[in-house]
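A.B. asks: Sequence and predicted model, in that order:
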Amino acid sequence: MDKAELWRHIHAERAALAELLAGLDEDQWRHPTLCPGWTVHDVAAHVISTPQIGWAAMPGMMARNFGRGYNTMIFREVKRLSARETRESILGDYEKYATSTHHVPTTTSVEPLIDALLHHQDIARPLGRQRAIAPEAAAVAADRVRRLAPLMGTGRLVRSVRLVATDIDWDRGRGPAITGPIQELLMLISGRTPDPSLVSGDGLAAARRSGHDVTT
């Protein structure tokens, strides 16, 4: 996927997420998401922070989290950002940065795609909403997530199973297979629970052994 198409998917996902957020009430903004300890407010603020973080912000971020693990750093920074943003300011940022092509220093341009796709699911699913991910975009995100798996806590899972998409030509890994739509495989390898009615295969047992619940 070339850069122009990649950014079209990112911008489309941000716009769809902004539309969802604008229609939620205050209680729904406080609703838990699939990210443990994060509310809709937290996740919404995090996604649109990506276009706003430049090199100038990096020293302070590192200093505040010196000696802490990657996931702890992200959690602390999300909570810090969310605490100073209102619902209105977050929605304003989605409008202001709707077509930005900036990404956080030291990351690739695929990370904003991962953030937008996965965090939209993190918000939508607990609220009983559905959001279909374009298979082509999910495949690009999944390839990058496989490389980031050690940071995301899914390194053992990715090394132990073969992932086979049923809706796009995408087949990665070795071992017992897990088959399903690419968006559910993306959910799985990013540490989330996929829709159990949509995934199958002998690899599900290996996923459970590696500590990933694929049945709830």
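C.D. replies: That came through fine. Residues are numbered from 1 along each chain as shown.
A.B. asks: for the strand or helix carrying Glu13, which positions count as buried?
C.D. replies: In the assignment (DSSP states H and E), Glu13 maps to helix 3-22. Residues 6-7, 9-11, 13-14, 17-18, 20-21 are the ones in helix 3-22 that count as buried (16 or more other CB atoms under 10 Å). For glycine as for every other residue, the C-beta is placed from the backbone atoms N, C-alpha and C.
A.B. asks: got it, and stretch 193-211?
C.D. replies: Neighbour count says stretch 193-211 has 193-194, 199, 201, 203-204, 206-207, 210 buried, by 16+ other CB under 10 Å.
A.B. asks: Among the residues you listed, which lie within helices?
C.D. replies: 203-204, 206-207 (DSSP state H).
A.B. asks: From these, pick the one nearest Ala98.
C.D. replies: When those are compared for distance to Ala98 (CB to CB), Ala207 wins out at 36.4 Å.
A.B. asks: measure the closest one to Glu85 for me?
C.D. replies: 36 Å (CB to CB, to the nearest Å).
A.B. asks: so what's Asp143 closest to, chain neighbours aside?
C.D. replies: Closest residue to Asp143 apart from its sequence neighbours, by CB to CB, 6 or more residues apart in numbering: Arg172 at 7.4 Å.
A.B. asks: Now for the one you found, how many residues are close by?
C.D. replies: 16 (other CB atoms under 10 Å).
A.B. asks: Can you tell me the element it falls in?
C.D. replies: Going by DSSP H and E, Arg172 is part of strand 171-173.
A.B. asks: quick one: contacts of that strand?
C.D. replies: Applying CB atoms under 8 Å, 6 or more residues apart in numbering, the contact partners of strand 171-173 are 142-143, 146, 158-159, 161-165.
A.B. asks: which sections of the chain are below the confidence cut-off?
C.D. replies: 53-84, 213, 215-216 (pLDDT under 70).
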